[in-house]
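S.K.: sharing a model prediction with you, sequence too.
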Amino acid sequence: MELTTVWFCLIAVLWVGYFALEGFDFGVGMLLPVLGREERERRVLINTIGPVWDGNEVWVLVAGGATFAAFPEWYATLFSGFYLPLLLILVALIVRGVAFEYRAKRDDATWRARWDLAIFWGSLLPAVLWGVAFGNIVRGVPIDADLEYVGGFFNLLNPYALLGGLTTLLLFLTHGAMYVALKTDGPIRREARSLATRSGLAAALVAVVFLVWTQVDTGSVASGVLFVLAALALLAGVAAAGSAREGWAFVGTFVTIALAVAGLFAALFPDVMPTSLADGTSLTTTNAAATAYTLKIMTGVAVVFTPIVLVYQGWTYWVFRKRISVHHIPEAVLAGESGGDQPAGSR
Amino acid sequence: MDLEALDIARWQFAITTVYHFLFVPITIGLSALVAGYQTAWLRTGNEQWLRMTKFLGKLFLINFALGVVTGIVQEFQFGMNWSDYSRFVGDVFGAPLAVEGLLAFFLESTFLGLWIFGWDRLPRALHASCMWLVHLGTLFSAYFILAANSFMQNPVGYDYNAETGRAELTDFVAVLTNKVQLVTFPHVILAAYMTAGAFVAGVALWHLVRGRGQQGSEDRSMYRSGARVGAWVLLVAGLGVVVSGDVQGKVMTEVQPMKMAAAEALYETEEPAAFSVFTIGTPDGTTEKFSVTIPNLLSFLATGELDGRVEGINPLREQYIETYGQDPGATYYTAGDYTPYIPLTYWSFRFMMGLGFAGMAGGLAVLWATRRGRAPTGARWTWVAVGLPLMPLFANSFGWIFTEIGRQPWVVFGLMTTEQGVSPGTTTGEVLTSLVVLTALYGVLAAVELKLMLTYIAKGADPYVEPQLRDDDNDPDRPLAFAY
């Protein structure tokens, strides 16, 4: 396989990892006001993703960096072209990241309510906007012969891309609910499961329309197969949630997102950013790529370090594998207030 | 591309980068100090050291949160505002950025999560090593991003490909062992240790001064020791900063002579050259009203010899025009061809050194005032405690302002000007929106962070609590040791 193809696949893997992982912590963030009706429940939700959300987010940073290194032209056109949506995503990720850390640092209901809003919107906006962005990438946008995006902002808000945004929103919401059902106990677990079943069906409906539309417009055999498998995985996940098999349900949405994203990349290949202009130039794995030397170096680094990362990131999930429920949340209001340990009597 | 968008993009890069680097050195340095305290506790069982671990750990996390989120902006804005730069250098510059993400960011974020939530989940030694791994992550991160920056100061390991119109990587090892990089990395890391040392010294001194007589002797000894540990780190690292900075000056004179001339506002070549500590005059250096100068010092800083020759701005400009042709940005950089904005390079260079030395003097004062079991009293020591952390912190900012402004008009020295690097397709309105939104957001976050930081500093270290591993089989309902 050509190195440019290898790197196209690796970048697809990074985005798959990002959406399959951060997808559920976006979902948990969006569910904060829905499943967390009182303070303790909200803290349960936040603490299910507390140790892992930041590691999940690194996937997008590595995806960005890898695109910069392996396909500089793609990075340049995409980031300067999708300017305002990316700015919105940045703002959302900033307030959200700070919110997780700062929310519990003051015993003040107004303070916490504000950070709750930051978590909610900071999760919802990127969940929609990444879908819109990928919709546009796959569909093709106005790129001129100099590889510059010339479409402006409102061109990005077309029905197909917006449907993509709605698809990622519902998928991540369902994925988050599956995760909460898997990681909590008590009433919140049951509510999450029932919500996941309902939002899962809605997601399936929207996703099928979006993926069929994609397949008709730009699909290949490979993308078609991946989309069908994604749809089946989603239905299997929803069915598993319905029969209270939370582990399988979560695997279901995880696989759904992974396959759907892989399918979008398959539909894209060999373009990386097709143009919609008759006299424009599409960015492809060839004309957007770095030199063979750079790709070779990067391949070596990726081959050595990606497995290591996967092992220790996987280990984190193992360390924090236990379910949490409201009685696990320490009394102390300030984060870390309980020090290294909470004496059993203070419960 | 109109000039206005270029200005705004430059302002955004300056503001977001200086802001980001307020948090970075504390993250790098304090992760080592927290890990060091935790290891000391593990080794000796001294309760004070666990209390300091947790106290400083909390301050570390308040700082880390902003360091992480402002770092995302850094990676995105190369593509957003500087797409032509990204196209031109992506083949060389992208690789260290990608490697930074893979090696450093995963390590930092994953093991910090384990450290924060792992007090009752991980065996003690494993838990402490999580913070060491976070520190290792910060070092990796610094190494790769500084290698990328060093390429901009002194491009090596590449070929210019006229066909593709871009710089292409030919030797990755050369990029990672760029001579600018080999001296910049220690300079930056030592400055980070210095900053964290000053931070710890300031925080502990503040408690020592304020709490004297009210707290038990245990707290007094803990904060006194904290002030001394911080001051020692500040001083030892500070000496390293001076030494590495000195070597860096000589490398800079060799690869970017204009930057050294701009640091002194030296318009004509001198042999030997004096260093002015302070000057009042017109910015273009034509008239000098008052100045305090040290003879031969600039010669020594630039060449290592007291009577060394230091090239001036004017002859260098002639030389650059001959080598590179007329500066395409000459109309924009009104100061003249190939000349950075001299007042800024001149003063930022002095503020960097002045604040650094002032911080070291403060460290010495703290060691003196706490010698042989003493603890200082009085309001002026409160001011030392407050001022001390700020000195290396702002010295860092001025260092970066100097080195980045001193590179102008180049974005990659000798290859591409800053003006050529800006995104051609983005509109002034877009770039302005971005600048306003990010600056406003950063302003609000600065206020929030400062208030939290001060609150948590004022609270001081919590009483000692013995950490215990969870035993879910016997007591599955026990509350978590830590929860958001």
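M.R.: Sure thing, it's come through.
S.K.: show me what contacts B:Trp11?
M.R.: B:Trp11 makes contact with B:Leu435, according to Cβ atoms under 8 Å, 6 or more residues apart in numbering or on different chains. (C-beta placed from N, C-alpha, C; glycine too.)
S.K.: what about the helix or strand harbouring it, average pLDDT?
M.R.: Here B:Trp11 sits within helix B:3-44, counting by DSSP states H and E. The average pLDDT within helix B:3-44 is 95.
S.K.: C-terminal to it, what's the next element?
M.R.: That would be, after helix B:3-44 and using DSSP H and E, helix B:47-81.
S.K.: between that following helix and helix B:3-44, how many degrees?
M.R.: Put simply, helix B:47-81 runs at 160 degrees to helix B:3-44, going by axes from the mean of the first three to the mean of the last three Cα atoms, to 10 degrees.
S.K.: okay, now the residue lying closest to A:Phe153 once chain neighbours are set aside: neighbour count?
M.R.: Nearest residue to A:Phe153, sequence neighbours excluded (Cβ to Cβ, 6 or more residues apart in numbering or on different chains): A:Leu84, at 5.1 Å. Residues near A:Leu84, counting by other Cβ atoms under 10 Å in any protein chain shown, number 19.
S.K.: any weak-confidence spans in the stretch 201-347 of chain A?
M.R.: A:332-347 (pLDDT under 70).
S.K.: can you give me the helices for it?
M.R.: For the stretch 201-347 of chain A, the helices defined by DSSP state H, counting those that start in this stretch cover A:221-242, A:246-268, A:292-319.
S.K.: out of all residues in chain B, which is the farthest from the middle?
M.R.: Distance to the chain centre peaks in chain B at B:Asn474, reaching 47.9 Å (criterion: Cα atoms, centre = their mean).
S.K.: that one and chain A, how far apart?
M.R.: Per Cβ to the nearest Cβ, to the nearest Å, B:Asn474 is found 11 Å from chain A.
S.K.: and that residue, that's in a helix?
M.R.: No: when classified by DSSP: H, G, I helix; E, B strand; the rest coil, B:Asn474 is found to be coil rather than part of a helix.
S.K.: thinking again about what came up before, highest average neighbour count across the helices of the stretch 201-347 of chain A?
M.R.: helix A:246-268 (a mean of 23; mean count of other Cβ atoms under 10 Å in any protein chain shown).
S.K.: what packs against that helix?
M.R.: The helices and strands touching helix A:246-268, judged by 3 or more Cβ pairs under 8 Å, 6 or more residues apart in numbering or on different chains; DSSP states H and E, are helix A:3-35, helix A:109-139, helix A:159-183, helix A:187-218, helix A:221-242.
S.K.: now distance to B:Val34 too, for those, in JSON lines please.
M.R.: Below are the helices and strands packed on helix A:246-268 laid out as JSON lines (distance: least, Cβ to Cβ, whole Å):
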{"stretch": "helix A:3-35", "distance to B:Val34": "26"}
{"stretch": "helix A:109-139", "distance to B:Val34": "25"}
{"stretch": "helix A:159-183", "distance to B:Val34": "28"}
{"stretch": "helix A:187-218", "distance to B:Val34": "34"}
{"stretch": "helix A:221-242", "distance to B:Val34": "41"}
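S.K.: can you say which of those is nearest to B:Pro376?
M.R.: Taking Cβ to Cβ, helix A:109-139 is the member of these nearest to B:Pro376, at 35.5 Å.
S.K.: how much does the closest one deviate in direction from helix A:246-268?
M.R.: Using the same axes, to 10 degrees: helix A:109-139 against helix A:246-268 is 40 degrees.
S.K.: which residues touch the residue nearest to A:Phe153?
M.R.: Per Cβ under 8 Å, 6+ apart, neighbours of A:Leu84: A:Phe153, B:Glu430, B:Thr433.
S.K.: cool, and B:Gly165?
M.R.: Contact analysis of B:Gly165 by Cβ under 8 Å, 6+ apart lists B:Phe88.
S.K.: picking that back up, packed most tightly, which of the helices and strands packed on helix A:246-268 would that be?
M.R.: Ranked by average neighbour count under the criterion mean count of other Cβ under 10 Å, the helices and strands packed on helix A:246-268 are headed by helix A:159-183 at a mean of 26.
S.K.: can you check what angle separates that one from helix A:109-139?
M.R.: Going by the same axes, to 10 degrees, helix A:159-183 makes 130 degrees with helix A:109-139.
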